[in-house]
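1. Following is a predicted model, sequence given first.
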Amino acid sequence: MADQYAKDTVPNRTGNFPSLGGLRSAKSTHRLDQIARVRAKGVGDHISLPQLVVCGDQSAGKSSVLEGITGIPFPRQDGVCTKFATEIILHHHEEGARITATVIPHASRSKSQRERFQAYHRVLSDFSELPGVITEAAALMQLRGSGVDDGLTFGEDVLRIEVVGQTGLHLTVVDLPGLISVASEEQTEEDVQLIGRLVDSYLQSSRTIILAVVQANNDIANQGIIQRARKFDRAGQRTIGIITKPDLINKGTEGRIALLAKNLDTTKLKLGYFLLKNPSPAQLEDGISLEERKRQELDFFSSPAWKEHRLDPTRLGVTALREYLQDLLDGHIERELPKVRSEIKSLLAGTEAQLANLGDERPSTAHMRMFLTRRSMEFHGLAQSALDGNYHERDTDFFREHHTTRLRAEVHRLNGSFATEMRENGQKRKLSVLTPSEDCSDQESDSDSEDGPLLVTQQEFNTWVKEVLAPCIESLMMNQF
C-alpha cells in the first residue's frame, strides 16, 4: 500500500502534487497566490490559513474522507492516527519540494517538555513515511500504548506536516481524533473531555471548513458532531455533512439514508450532505488508487437499491465532494480576505509600534553609552518634575495617565487624609449621649477597640478628668504650702 501511496502522492522532480489539483480553480489560485506573496514577507506564522477539518465519532471514516479529497494517505493502522491532531500544511511554491514533520507542544507542557518537542524535526522523502512519523510522535507525547502503560490515551499536542511544492494550494488539512460519547475501559473521562476541547479549538476558527462525518449505520441522533458544528458555525456557511459507510447498513434501510442525503430529514444543514462509500480494509490493503475508488463508488450508487431513490449525482462520491469543495473554497477565501487584510494591518501597526519603542539602532559601545546616558537624564528630569510638582512642562502623558506618579500632589493628598483622620478619630475618648435603656458597660465594650475612639458618657468623662487632674492639684497645693 505504501508503494501505491508513494506513486500517487510523492512530489515529482518539479515539485508537483497532482492529486491536490482537484481543490484548485483559476479564481482560488489567483487569491492564494496573493496570500503566498504576503506569506513571503514573513507574516505567515501570524496569519492563519484556510483549513479543512474532518471531525466526527470514532471509526466514522474521517481519515479515508480526507485521503479521498486530498490524495494524502492518512494512516489508519492500529488507530494511531486518531490519538492526536495531525495538521498537513500545504504551501504552494514553484521551485523545489520538501516534506517536513515537527511536533507543536500544547501550552500546558513544561519548559523542558516544550524544548524536547521542538527538537523533533524530520524530513520525509514521501508520504509513505507518514505512519512511522505518527508512531514516533505518539511515543514522544508518551501516550498510552506507545511504550507507556499509564497516562492519557490522547494528546493535545499537534503533529505538523509541512508540504512545500507545486501543491496549487495554501491550505491546512487536519485529521482529528474521533469524538467519544462514553468512555470505554481503555479510555477515561479525561480523555473524553480532552478530545472535546481539541475538536472545539479547531471548529471555532472562522477559517475552518467543517466536514462533519456521520456514519450511515449509526443513528444520526446519537452523533453529536452536527450540533457541535452548529454551535461554532451559526450561519451554516462552512459546515458540510458527510455520510459514510452506506454499504454497512441493513438492506431495505436505504430510504432512511437517502432522505438524510437529500437534506430532507429532521437534521438539516444549510450546505447539505454528501454520500460517500469508503474503501474496505481489504481494498486499502491492496492499495486502491483514487481512480479505482471513484469507479467503485459509481458502481455502488448505480445499484437498484440506491438508484430508485433518485439521489442527486452531484452529491454522491468523493469526486463530487472535491469539486464542491473547490467552489466552497473560492467563496470562503473571498469572505476571509478582508479579515486577512485587517489582521495584516493590525500586525503591521503593532510591529511598527514595537520597533518605535526600541528606538534607534545601537551598533557600537559608544552608541549604547549615549543611549544609556540619555535615558538616565530623562529619568532625572522626570523625577525632578515630580519633586517640583511641575506636571505640564514635560512628560504630561505620564503624569496624566498615572496620577500616583505626581509625587507632590500625592504627598499633599495623603497629608490631608491624615489630618482629617486625626481630627475626626484622633481622640482616645469621645462623648456619646446614651439613652436610659442602653447599657453603659455594653456600649464601652463595643466601642473599646483599636479601630476607633472609646465612647463615654459626660459623667464618665468628668470622672476620668478628675482622676487625671487629682494628682496634679494635690502636688500643686503641697508646693504652695
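-> All right, it came through fine.
2. what sits against residue 336?
-> Applying CB atoms under 8 Å, 6 or more residues apart in numbering, one finds that residue 336 lies in contact with 50, 206-207. Where C-beta positions appear, they are placed from N, C-alpha and C, glycine not excepted.
3. Rebuild the residues you listed as TSV, extending it with secondary structure, distance to residue 418 and pLDDT.
-> Putting these into TSV (DSSP: H, G, I helix; E, B strand; the rest coil; distance: CB to CB, whole Å; pLDDT from 0 to 100) gives the following:
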residue	secondary structure	distance to residue 418	pLDDT
50	coil	64	74
206	coil	56	84
207	coil	59	82
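4. In these, which residue is surrounded by the most others?
-> If you count neighbours using other CB atoms under 10 Å, the busiest of the contacts of residue 336 is residue 50, which has 23 neighbours.
5. measure stretch 358-372 end to end?
-> The first and last residues of stretch 358-372 sit 13 Å apart, counting by CA to CA, to the nearest Å.
6. Please disregard the earlier target; I meant stretch 259-277.
-> When the termini of stretch 259-277 are compared using CA to CA, they are 17 Å apart.
7. buried ones in stretch 234-251?
-> When neighbours are counted by 16 or more other CB atoms under 10 Å, the buried residues of stretch 234-251 are found to be 238-246, 249.
8. first to last residue in it, what's the distance?
-> Taking CA to CA, the first and last residues of stretch 234-251 lie 35 Å apart.
9. hmm, back to that, of all the buried residues of stretch 234-251, which two lie farthest apart?
-> Taking CB to CB as the measure, the buried residues of stretch 234-251 span a maximum distance of 28.1 Å, between 238 and 249.
10. And the contacts of stretch 99-111?
-> 11, 113-114, 117-118, 120-127, 133, 137, 140-141, 155-164.
11. tell me the contacts of residue 68?
-> Applying CB under 8 Å, 6+ apart, the residues near residue 68 are 276, 278, 290, 293, 318, 321-322.
12. Which one of those is nearest to residue 310?
-> residue 276 (18.2 Å).
13. List the backbone torsions phi and psi for residue 455.
-> Phi and psi for residue 455, reported as degrees, to the nearest 10, are phi -80, psi 120.
14. correct me, but it touches residue 432?
-> Yes: taking CB atoms under 8 Å as the contact criterion, residue 455 and residue 432 are neighbours in contact, 4.0 Å apart.
15. for residue 161, helix, strand, or coil?
-> Applying DSSP: H, G, I helix; E, B strand; the rest coil to residue 161 yields a three-state assignment of strand.
16. What about the nearest residue to it once chain neighbours are set aside, how many residues nearby?
-> In space, residue 161 comes closest to residue 88 once its chain neighbours are excluded; the distance is 4.6 Å by CB to CB, 6 or more residues apart in numbering. Per other CB under 10 Å, the neighbour tally for residue 88 reads 24.
17. Next one: residue 88 relative to residue 62, how far apart?
-> Counting by CB to CB, to the nearest Å, the separation of residue 88 from residue 62 is 14 Å.
18. Quick one: list the elements packing against the strand or helix carrying residue 468.
-> Under the assignment given by DSSP states H and E, the secondary-structure element containing residue 468 is helix 458-480. Using 3 or more CB pairs under 8 Å, 6 or more residues apart in numbering; DSSP states H and E as the contact definition, the elements that helix 458-480 packs against are strand 429-431.
19. Work out the sheet partners of the strand it packs on and label each with its direction, please.
-> Listed by DSSP bridges, the sheet partners of strand 429-431 and their directions read strand 454-456 (parallel).
20. Report the rounded mean pLDDT for the partner strand.
-> The pLDDT scores in strand 454-456 average 83.
21. Could you list the buried residues of stretch 137-152?
-> When neighbours are counted by 16+ other CB under 10 Å, the buried residues of stretch 137-152 are found to be 137-138, 140-141, 143-144, 146, 152.
22. just stretch 127-140 next, same as before
-> Neighbour-count burial for stretch 127-140, counted by 16+ other CB under 10 Å, picks out 127-131, 133-138, 140.
23. and it, how far out from the chain's middle?
-> Between the centre of stretch 127-140 and the centre of its host chain there is 24 Å, according to CA atoms, centre = their mean, to the nearest Å.
24. so how many other residues sit close to residue 350?
-> Neighbour number of residue 350 under other CB under 10 Å is 11.
25. ok, the contacts of residue 336 vs residue 313, which is closest?
-> Nearest to residue 313 among the contacts of residue 336, with distances taken as CB to CB, is residue 50, at 27.2 Å.
26. pretty sure the closest one is in contact with residue 334, am I right?
-> No: counting by CB under 8 Å, residue 50 stays clear of residue 334, with 11.0 Å between them.
27. For the most centrally placed residue in the chain, give me phi and psi.
-> Most central residue of the chain, judged by C-alpha distance to the mean C-alpha position with CA atoms, centre = their mean, is residue 201 at 5.1 Å. In this entry, residue 201 is assigned phi and psi values of phi -60, psi -30 (degrees, to the nearest 10).
28. In the stretch 301-450 of the chain, where is pLDDT below threshold?
-> Judged against pLDDT under 70, the low-scoring parts of the stretch 301-450 of the chain cover residues 392-405, 433-450.
29. Helices of that one, start to end?
-> Secondary structure of the stretch 301-450 of the chain by DSSP state H, counting those that start in this stretch: the helices cover 304-307, 317-358, 365-388, 396-401, 407-425, 440-447.
30. what's the burial count for residue 102?
-> When neighbours are defined as other CB under 10 Å, residue 102 has 18 of them.
31. is it true that residue 60 touches residue 248?
-> No: contact status for residue 60 versus residue 248: not in contact, 11.5 Å apart, counting by CB under 8 Å.
32. who touches both of those two?
-> Overlap of the contact sets of residue 60 and residue 248 (by CB under 8 Å, 6+ apart) consists of residue 215.
33. one step back: from residue 107, how far off is the residue nearest to the centre of the chain?
-> When distances are taken as CB to CB, residue 201 and residue 107 turn out to be 11 Å apart.
34. With residue 315 instead?
-> Applying CB to CB, one obtains 40 Å for the distance of residue 315 from residue 107.
35. residues touching residue 151, list them.
-> If a contact means CB under 8 Å, 6+ apart, then residue 151 has 142-144 as its contacts.
36. actually residue 246, not the one I typed
-> So residue 246 contacts 216, 254, 257, 275-277, 300, 306 (CB under 8 Å, 6+ apart).
37. Parallel or antiparallel, list what pairs with the helix or strand harbouring residue 54.
-> When elements are assigned from DSSP H and E, residue 54 belongs to strand 51-56. Strands flanking strand 51-56 in the sheet, each with its direction: strand 171-175 (parallel), strand 208-215 (parallel) (DSSP bridges).
38. Of all those, which one comes closest to residue 368?
-> It is, among the strands paired with strand 51-56 and with distance given as CB to CB, strand 171-175, at 43.2 Å.
39. Check the offset of the closest one from the chain's centre.
-> Here the centre of strand 171-175 is set off from its chain's centre by 15 Å, with CA atoms, centre = their mean.
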